[in-house]
Every structure is written in structure tokens, then in C-alpha cells.
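>>> build me a structure from this.
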Amino acid sequence: MIFITIYKTNRRLDPLKFASIDIGSNAIRFLLAYVFETDKGPFFRKGLLLRVPLRLGDDAFKLGRISIEKEKEMIETMHAFKHLMAAQKIISYKAFATSAMRDAVNGPVIVDHIKNTTGIEIDIISGEKEANVISGEEIPAFIKAKDKILFVDVGGGSTEFTYHNKKKSVRESFNIGTIRYMTDSIDKQEWKRLKAWLVEHKLVGSGIPILGSGGNINKIYKLKRRRNSDLHITTESLRSFYDQMKSISYTDRITQFNLNPDRADVIIPACEIFLSIIERTDTTKIYVPKIGLSDGIVRSLYADYLAYK
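Numbering: from 1, shown residues only. As a prediction, this is how the structure comes out:
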């Protein structure tokens, strides 16, 4: 838990401010969030969301380490985030690094260097903790009420699974991600391990509803959603979107669908990963409540704030 100077609010409607930093394999995300404490409980609202496409996975998965150039970019980015947090007078923050930094042999050294040069403390978290933070995020009641559901968060370097039923929650992380896919860095054993995990928990052919998380599925949902869609996209719609993306050029994906350059390439392997999971589980719907690691971090910060209050 990392605290900066605490600024007390005198009015009930003054929001509490927290910040999360998610250092992923494709991009680094900074979220400034407001929490309003009301009679009905806390109300969370996103204030500022920044996304810096550093592509750490290009180095980590190809070379096994983060290059000097990428490290310099990380340091400059952390300097910028520190100034933002000071200007906004946040209560606390957490910075988590995931798959690319887990794989990079010089990840811990870079974390120390960033702390010494910027003051930002970064935790390189396990895949299991990543899944735990993401699945701990608040989800709509109509989804939570289901007897069982499978969280699937597809990132650049890994895919996190959380299987919920009325009796238990089981979490697992697999080194299967969009940047690994594009750099041909996915070990075939990971696919076998994933299949075995689905078999172990009797999810193969189960038709279990999937709750999708991650920037790619959020973007697909935004492009394909219909009114009153109950926060979901159908598997047929996902397959149609995948076929459409594959049939046009990288440039056309940017110009016709307004995709960021660093989204226009990874969105295809993201579709392929989701579709491979769908084929194994025989799922017909993917719910997309647009939650992620950054949101889960903010909720954990608020919980810590209440504990130390």
C-alpha cells in the first residue's frame, strides 16, 4: 500500500481521489478515479484515463528483457504520472506491472530504478493476483446472480481466468496474450494447460456465460453493441467482427473503425483467443461490463482507505 500526502475533505460531497497505474504488455494505463461517499454507499466515477502504448511485450517476449529505450520511456511516463497525482492531491495509488515485466529478467532492476528516479513504487504481481484484482471488481447484479460464470481477461501477455459458482471461485493465469501471439511466443504447452484446466472444472461444452475483460473486448463491444443488448455480444457477432477485421488492411481498421494504431493489430489475435475459448466452452454470449485491472485497483485502494481511516 502506497500513500502520498492525505488531503482531508470537509464536505460530504467532496470526492475522494485515487489513482491506479496498470503496466501491461501492450500499454500503460493511468486511471484517476473519484469516490463519492453517499448514504447508499460509495459511488465510483472515472475522472481521467490515460493510455500510453509502450509495447513492453515486444521486448520481453522476444528478447527476455526490457530494452534501455523502453526503460527510459517508462521513467518519463512515471514522472508524468507523479506530477498528475500531486496536482490532483490524490489520497493513495498503486502501480502494478503484469506479464511483460514478469517475464523480463531485468524487471526487478527497472522497478528499483524507477523508484529511485521518480519515487513511484511498482509491484510486479503474479497472474493469480492479477486475476483476483480484476474479478474483485463490482459487476452488474444480473450477471452476479447467475449460478456460474467464467471471467476471461485477455491481455497482451497473459489471459486470466476466474471461474465462479455458488460454492467456490477458482483462478488461473495462462501465458497466452495478444502480443505473445503476434511475436509467436506462446508455448504450445500453455494451450494444453488451458484445455486441461477447462476439463478439470467441467467447463468444456458447458455453455457457461463468459464475462470478458480487457481493452480489445471492450472496443469490440463498443463497435458491435445494440440497444438493450444487456451488456453482451453474441459469439456470432464476434465471429462476424473477426472475419471483417481479417478481410481489411491494418490501415483500413484504423480509418474505417477509428482504432488506435496499437489496437488495430492486436484486436485480431484477441478475437482468436476469445473464439478459441468459446469453441471449447460452447458459449453463446460474452458479457462486457467494461471492467479491468485499473478499476479493481481503485476499489482495493478504497477498501484500504476505509481500513486505515
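
>>> CA atoms for contacts and neighbours, from now on please.
Noted.

>>> so residue 172 sits in a strand?
Yes. Assessed with DSSP: H, G, I helix; E, B strand; the rest coil, residue 172 lies in a strand.

>>> surely it is in contact with residue 162?
Yes. Using C-alpha atoms under 8 Å, residue 172 makes contact with residue 162 at a distance of 6.5 Å.

>>> give me the common contacts of the two.
Residues within reach of residue 172 and of residue 162 at once, by C-alpha atoms under 8 Å, 6 or more residues apart in numbering, are residue 131.

>>> show me what the helix or strand where residue 153 lies is packed against.
For residue 153, the element it lies in under DSSP states H and E is strand 148-154. Packing contacts for strand 148-154, counted by 3 or more C-alpha pairs under 8 Å, 6 or more residues apart in numbering; DSSP states H and E, involve strand 159-165, strand 210-213, helix 267-281.

>>> helix or strand next in line after the longest one, which one?
It refers to helix 267-281. Later in the chain than helix 267-281, the nearest helix or strand by DSSP H and E is strand 285-287.

>>> and the next element down the chain from that next one?
Counting by DSSP H and E, what follows strand 285-287 is helix 293-308.

>>> now for the chain, the helix or strand with the poorest mean pLDDT.
Every helix and strand of the chain was ranked by mean pLDDT, DSSP states H and E. The lowest is strand 2-3, at a mean of 46.

>>> I'd like the next helix or strand past that strand.
Counting by DSSP H and E, the next helix or strand C-terminal to strand 2-3 is strand 16-23.

>>> could I get the buried residue list for the strand or helix carrying residue 238?
Assigned by DSSP H and E, residue 238 falls within helix 235-247. Under the neighbour-count criterion of 16 or more other C-alpha atoms under 10 Å, helix 235-247 has 235, 237, 238, 241, 242, 245 buried.

>>> between these, which is closest to residue 294?
Closest approach between these and residue 294, by C-alpha to C-alpha: residue 238, at 24.8 Å.

>>> find the nearest non-adjacent residue to that closest one, please.
Nearest residue to residue 238, sequence neighbours excluded (C-alpha to C-alpha, 6 or more residues apart in numbering): residue 271, at 7.3 Å.
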